[in-house]
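> quick check, what structure comes out for this input:
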Amino acid sequence: MTKLSTLILTGALITGSSAYAQMRVEVIGVGSNQIPIAVAAFAEEGVAPAQISAIIRADLERSGMFKIIDAGSTLSETSPIDYSQWKSRGADALVVGSVQKLADGRFEVRYKLHDTIKTNQLSSLTQAAQPKYTRLSAHKIADDIYEKLTGSRGAFATRVAYVNENRGARDYRLEIADADGEAVQVAVRSNEPIISPSWSPDGTKVAYVSFEKRKPIIYVQDLVTGGRKIVVNEKGSNSAPSWSPDGTRLTVALSKDGHTQVYVVGIDGSGLRRVSNSNGIDTEPQFSADGQTIYFTSDRSGGPQIYKMPVGGGNAQRMTFNGSYNISPRVSSDGKTLAWVSQRDGGYSLYAMDLASGQELRLADAATEPSFSPNGKYIMYATKGGGRTSLAVVSVDGRVKQRLTTQAGNIREPNWGPFMK
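All right, here's what the predicted structure looks like:
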């Protein structure tokens, strides 16, 4: 078995201890032009199970795009605003709001965003949510602030899937968490390896590979009903599922015909069709943002490199030429950026390429398994350090960096979920 096939089929499993714990986020880099913003404590927010203003502040700070100004006060959305005072304190924007418990048990969250430079209101939002969704209400407010002040859609209210593994105890969990690492839920638990989770475009399902039947088989887990089904179980290896943008198909890597090649299959397992045709190993397929192209890893040139080909098959075009070992292609949802892992200078590094210009940028070292945020602004990846594997996030320009860690456990194989409808 080649080094490439070993990497894909075994998931590069790492021995370590595992604990069911929330992730801690550490911001270790910030953007070059941070927006100074004050987030006041929301009126009556103590009645809710989550402190709304604290979650908003943490989201904005984690993005690296904002400089948080200490508000030092509580202000509701109806409070009079002295714009000159906030401007003199260095805040270009001010967030205020309130929380009210409704008679039906839900919590109503209201917020307003003020521009202290133009002395006007930029946005407002009112939402009512069940107690367990109050954190989501805060994330949605942070998304609105991010979009109004940066022009790009925020991704704080999205979720991530990843594998939490303890190989020694034969404990493997596919877990789902908020984008800040909180609210962890176990979607699948097994005493055999789980690898390659991949979100459906509507955020209701996750495809993944399980070894529970002593061979890699592709499943789809319904996160709403809890049900799951086998989608591909062909002879040999079944690996690397990735969803089409319309959610009707998966592209997968199968060895049913001898050596691993790229196939497309319906999510019900029907219409299996081979789309790559080489004498080497073609694997790790990913649909492009428009669903017309498949990016994949192939060793057809002698070593693993990134290629792309039409979704119906045909001539493949090589995309990477620097370095002799390039794997794990991922394409941003806007179709502008290609990310991948390259082995250079004795280690694995995360690279990004502007597809219009072909310009490469080295984003992070000790990196594997990249996954784009749904707004295309950040990339989550697995990184090894301190004897275990954890997750980290870097912006596509390399300036903003975060590290997500737990007290114990190997957290790897991240896949960032889509925008929720």
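> leaving out sequence neighbours, find the closest residue to residue 279.
residue 300 (6.9 Å; Cβ to Cβ, 6 or more residues apart in numbering). All C-beta atoms are positioned from the backbone trio N, CA, C, and that covers glycine.
> I figured that neighbour was touching residue 277, is that so?
No: the criterion here is Cβ atoms under 8 Å, and residue 300 misses it with residue 277 at 10.1 Å.
> tell me which of the two has more neighbours.
residue 300 (16 against 13; other Cβ atoms under 10 Å).
> got the contact list for the more buried one?
By Cβ atoms under 8 Å, 6 or more residues apart in numbering, residue 300 lies in contact with 278, 279, 280, 282, 307, 316.
> filter the residues you listed to the buried ones?
For the contacts of residue 300, burial is judged from neighbour counts taken by 16 or more other Cβ atoms under 10 Å, and it is met by 278, 280, 282, 307, 316.
> against residue 274, how distant is the second one?
According to Cβ to Cβ, to the nearest Å, residue 280 and residue 274 sit 14 Å apart.
> next one: the fourth one
With the distance defined as Cβ to Cβ, residue 307 ends up 16 Å from residue 274.
> so which bits of the longest helix along the chain are buried?
Longest helix of the chain, by residue count under DSSP state H: helix 134-150. Within helix 134-150, the residues that qualify as buried are 134-146, 149-150, counting by 16+ other Cβ under 10 Å.
> mind checking pLDDT for residue 407?
Confidence at residue 407, expressed as pLDDT, is 55.
> which residues does residue 45 contact?
51, 52, 53, 97, 98, 99.
> how about the first one, what does it touch?
Applying Cβ under 8 Å, 6+ apart to residue 51 gives the contacts residue 45.
> and if you look at the fourth one?
The contact partners of residue 97, taken as Cβ under 8 Å, 6+ apart, are 40, 42-43, 45, 52-53, 75-77, 109-112, 141.
> name the nearest residue to it, ignoring sequence neighbours.
residue 111 (3.5 Å).
> distance of the spatially closest residue to residue 178 that is not a sequence neighbour from residue 34?
Leaving aside its sequence neighbours, residue 178 sits nearest to residue 159 (Cβ to Cβ, 6+ apart; 5.9 Å). The gap separating residue 159 from residue 34 is 26 Å, by Cβ to Cβ.
> pretty sure residue 366 sits against residue 345.
No: look at residue 366 against residue 345 with Cβ under 8 Å: they stay out of range, at 11.5 Å.
> between those two, which is the more surrounded one?
Comparing residue 366 with residue 345 by other Cβ under 10 Å, the one with more neighbours is residue 366, at 15 against 10.
> give the contact list for the more buried one.
347, 348, 349, 383, 384, 385.
> show me what the last one is bridged to.
Which is residue 385. Note on residue 385: beta-bridge partners residue 388, judged by DSSP bridges.
> how many other residues sit next to it?
Neighbours of residue 385 using other Cβ under 10 Å come to 11.
> out of the buried ones among the contacts of residue 300, who's nearest residue 333?
residue 307 (20.6 Å; Cβ to Cβ).
> so what's that closest one bridging to?
In beta-bridge terms (that is, DSSP bridges), residue 307 pairs with residue 296, residue 318.
> distance of it relative to residue 288?
12 Å.
> which SSE is residue 126 in?
Assigned by DSSP states H and E, residue 126 belongs to strand 120-129.
> who touches that strand?
Under the contact criterion Cβ under 8 Å, 6+ apart, strand 120-129 has outside partners 77, 93, 102, 106-115, 136-137, 140-141, 144-145, 148-149.
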